[in-house]
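*Asks:* Quick one: sequence plus predicted model below, questions after.
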Amino acid sequence: MAKQKNKHIGSRLDDFLKEEGVLEEFEAAAIKRVISWQIAEAMKKRKFSKVQMAERMGTSRAQLDRLLDPSEGNVTIETLQRAASALGRKLHVELT
């Protein structure tokens, strides 16, 4: 019996995820993880507690927790804009 060649050996991860139909989901999760990390790091740098940050954003601590949770995918651009503004930063979104 001949060995079957694995069609994914030598392929890129992006190619594999696209073939599996989950590339966009993984990209969105990665973007959310990076943004959550950037906000948390900026909060640390400015020494903002979660309560202070939520107050500066005009939102609840629970909403801020969702924003900072990398696994929480539903965050609006408006929320990201308020977070950036509260940190004295600007939100930049672009299509590449």
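*Replies:* In hand now; what should we look at? Numbering: from 1, shown residues only.

*Asks:* How about the contacts made by the most centrally placed residue in the chain?
*Replies:* Here the mean C-alpha position of the chain is nearest to the C-alpha of Lys32 (C-alpha atoms, centre = their mean), at a distance of 0.8 Å. Contact analysis of Lys32 by C-beta atoms under 8 Å, 6 or more residues apart in numbering lists 70, 72-73, 75. C-beta: built from backbone N, CA, C; applies to glycine.

*Asks:* Same question for Ala54.
*Replies:* Here Ala54 is in contact with 60-61, 63-64 (C-beta under 8 Å, 6+ apart).

*Asks:* out of these, which are inside strands?
*Replies:* Judged by DSSP state E, strands contain none of the contacts of Ala54.

*Asks:* taking these one by one, which sit in helices?
*Replies:* Of the positions in the contacts of Ala54, 61, 63-64 sit in helices, assigned by DSSP state H.

*Asks:* As CSV, those with distance to Gly88, neighbour count and pLDDT would be great.
*Replies:* Below are those laid out as CSV (distance: C-beta to C-beta, whole Å; neighbours: other C-beta atoms under 10 Å; pLDDT from 0 to 100):
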residue, distance to Gly88, neighbour count, pLDDT
Arg61, 20, 13, 95
Gln63, 20, 16, 93
Leu64, 17, 24, 95
